[in-house]
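Peer 1: Give me the fold of what follows.
(one chain, ligands or ions: 1)
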Amino acid sequence: MVSYSCAGISTVKPSCRRILISYKRSSVFGFQIPISNRSAVINLSKSRVSRGIHTCNSIVLGFRVDPKLGFRDVIDSNRNGFCCSASNWGRQPRVLLNGCPVGVYDRRFSRLVSKVASDYRNHSTSVESHVNDTSWERIYIQGGLNVKPVVIEKLKSKQENEDKLLDYSRSDVIIEFPDRKESEIEKGAWELLRGSIVNYCGSPVGTIAAADPADKLPLNYDQVFIRDFVPSALAFLLNGEGEIVKNFLLHTLQLQSWEKTVDCHSPGQGLTPASFKVRSVPLDGRPGEFEEVLDPDFGESAIGRVAPVDSGLWWIILLRAYGKITGDYTLQERVDVQTGIQLILKLCLADGFDMFPTLLVTDGSCMIDRRMGIHGHPLEIQALFYSALRCSQEMVTVNDTPKDLVAAINNRLSALCFHIREYYWVDMKKINEIYRYKTEEYSTDAINKFNIYPEQIPSWLVDWFPESGGYFIGNLQPAHMDFRFFTLGNLWSIVSSLGSPKQNDGILNLIEEKWDDLVANMPLKICYPALDNEEWRIITGSDPKNTPWSYHNGGSWPTLLWQFTLACIKMKRPELARKAITVAEKRLSSDKWPEYYDTRYGRFIGKQSRLYQTWTIAGFLTSKKLLENPEMASKLFLEEDYQLLENCVCGLGGKHGRKKCYRAAPRSHHVV
Ligand code: GLC
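Peer 2: Now for the predicted structure:
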């Protein structure tokens, strides 16, 4: 049977059942793939139009659905000349219409198109067909720029496919943990966490950001945020529940390859959304019938319109965690999942104008998703980038990964690690060094490489800095060091071993020593100290939500507890984590699990803080679980990689002893 579906008009059953998943063995997202279909051709042809959709270029598409292969045709009735314009070709859109890339169209419509792309990908082995291709720049998804028409070139043997695919219908992976009596608070927290689960087509796919029944204006807090789901995922995994995590990873993988457009501009393929929502959409022409659709936000709706750089990095980190905790590695070995990893890395490792190995991003592209003066090379992104690279290094399957991608991962890891350890680290000795810096040095031998004027050492730092310990600064730019302490970046540097063992220890020493400033009445400050007065006005743009000691500007975020716990366990200091959990436990439940706390010592529930914030709840539960199972916790962090440190990728340093390599002769005393 062949049925037809057009944007806006559907003559088939709800898409989730029809298109995406049937959870049956030996199917890819619901479609049996006959082995005989080794060279099935998917035509992109023009025909069958049902309705016009207004977009900036008015494009109408339709699909013909084959129950065996999914969408077979993508139909264009009203193609606009613009889509053939040269400026569009560089974007590698997923769908070609009569040989032209589709660049812009209606949002809802893009959902359908993306399904085509994903389904094509699921049936295709285009990545495999490039196994011997040494250039990873050539990664593409069927339907992309080079494809006319889309050809399913080769399928793996049935057995191979079955081995690679997770069977959704089988009972979930069970992980055994020792019994412990849960406290009433924990029981309540579990209930709330379960209450925040979002289902899609009958299966759990994530948790909403906040579930406060009294909140009449949830904005986007009723969506599943990628970063927010990580502690939920870990809580579930550590509780022996893997299904929701697997579903989340696969569905967000699909979203990654959707065509996304903001004002006629499309970002890179591998961009992972900040969040998504499951919407119920009426089926055109079928009164009373609805279909569920996933509606992602890549930043086109988010306040500030910022692309979430951290989402893809978290996705990779979670993918590794899923494998490590469940022992089920088939998910990460899947061809489409491997392609997903590669697309994210491709975005991150793309050549640019940069002189540094750090990732250059805009303000607000991570947990701090509003203007807070963290544009450039913020520590949080670098630490997550490093973690994601290390996780990828472990997960990419050698035979399916282009050699130069593997080399790019290794090289970047080594350079990034050196750069952060050497230039972001501050302790008493280093501050004193900066204090005495000479400026305007012109040469490759400069000691003050970034031309930092000592006057920018803030007065708070001079008095605040403890004798022992240290931390990684928030950002490094030409003539600019952001000396604020950012908790997530520092904790994740410990967890991923971006910092050296000594530095990691130093960070925890500093947190312990500065407990009243960084923990006080609620763990933990998102950053320290707050920006105030003119600084607040200029740097935040007078943001009324980010007033001093509130929200991102020095607010206290209980969700950071799980990352702190993980870091403490790694550094063999669980007692420090226990102390923080005890502080949090006193208030979180009775305060209704706020998103964040305000004031210098975290005494008040945040001015505009959401209540029943899921990652507060999940962060608490995950912290408890991690402390209970240090063995499991150890699967989540990454140990020092000594081989990495020996790799000097520029070929000028190390044994060669050439002066040009900074690494050959680190100028400061901070030898990694
Ligand atoms: C806020 C936070 C962001 C979080 C979102 C949903 O925007 O800054 O990190 O993901 O809320 O909880």
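
Peer 1: what about the helices in the stretch 301-450 of the chain?
Peer 2: Here the stretch 301-450 of the chain has its helices, by DSSP state H, counting those that start in this stretch, at 309-326, 330-333, 335-349, 379-395, 403-419, 428-435.

Peer 1: Can you lay out these as a markdown table showing distance to the ligand and mean pLDDT?
Peer 2: To be clear about C-beta, it is placed using only N, CA and C from the backbone, and glycine gets the same treatment. Shown next, in a markdown table, are the helices of the stretch 301-450 of the chain (distance: least, CB to the nearest ligand atom, whole Å; pLDDT from 0 to 100):
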| stretch | distance to the ligand | mean pLDDT |
| --- | --- | --- |
| helix 309-326 | 9 | 98 |
| helix 330-333 | 24 | 98 |
| helix 335-349 | 18 | 96 |
| helix 379-395 | 10 | 98 |
| helix 403-419 | 23 | 95 |
| helix 428-435 | 30 | 96 |
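
Peer 1: Can you lay out these as JSON lines showing mean neighbour count?
Peer 2: Output for those, formatted as JSON lines (neighbours: other CB atoms under 10 Å):
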{"stretch": "helix 309-326", "mean neighbour count": "24"}
{"stretch": "helix 330-333", "mean neighbour count": "20"}
{"stretch": "helix 335-349", "mean neighbour count": "22"}
{"stretch": "helix 379-395", "mean neighbour count": "24"}
{"stretch": "helix 403-419", "mean neighbour count": "19"}
{"stretch": "helix 428-435", "mean neighbour count": "15"}
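
Peer 1: Of those helices, give the one that comes closest to residue 511.
Peer 2: With CB to CB as the measure, helix 379-395 is the member of these nearest residue 511 (14.9 Å).

Peer 1: ok so, going back, which among the helices of the stretch 301-450 of the chain is found nearest to residue 358?
Peer 2: Judging those by CB to CB, what sits closest to residue 358 is helix 379-395, at 5.1 Å.

Peer 1: just to revisit the earlier point, adding distance to residue 198, write the helices of the stretch 301-450 of the chain out as JSON lines.
Peer 2: Below are the helices of the stretch 301-450 of the chain laid out as JSON lines (distance: least, CB to CB, whole Å):
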{"stretch": "helix 309-326", "distance to residue 198": "16"}
{"stretch": "helix 330-333", "distance to residue 198": "20"}
{"stretch": "helix 335-349", "distance to residue 198": "21"}
{"stretch": "helix 379-395", "distance to residue 198": "24"}
{"stretch": "helix 403-419", "distance to residue 198": "33"}
{"stretch": "helix 428-435", "distance to residue 198": "46"}
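
Peer 1: For residue 266, which of those is the nearest?
Peer 2: Residue 266 lies closest to helix 335-349 among these, at 12.6 Å (CB to CB).

Peer 1: Just the closest residue of the stretch 351-500 of the chain to the ligand, please.
Peer 2: Closest to the ligand within the stretch 351-500 of the chain is residue 367: 4.0 Å, counting by CB to the nearest ligand atom.

Peer 1: Next: the stretch 51-200 of the chain.
Peer 2: residue 196 (11.4 Å).

Peer 1: again with the stretch 101-250 of the chain
Peer 2: Counting by CB to the nearest ligand atom, the stretch 101-250 of the chain gets nearest to the ligand through residue 209 (3.8 Å).

Peer 1: residues contacting that residue?
Peer 2: Applying CB atoms under 8 Å, 6 or more residues apart in numbering to residue 209 gives the contacts 220, 221, 222, 223, 224, 225, 228, 275, 610, 613, 614, 615.

Peer 1: Just the pLDDT for it.
Peer 2: With respect to pLDDT, residue 209 scores 98.

Peer 1: and the residue nearest to it when sequence neighbours are not counted, helix, strand or coil?
Peer 2: Residue nearest to residue 209 in three dimensions, not counting chain neighbours: residue 221, with 4.4 Å by CB to CB, 6 or more residues apart in numbering. Under the three-state scheme (DSSP: H, G, I helix; E, B strand; the rest coil), residue 221 adopts coil.
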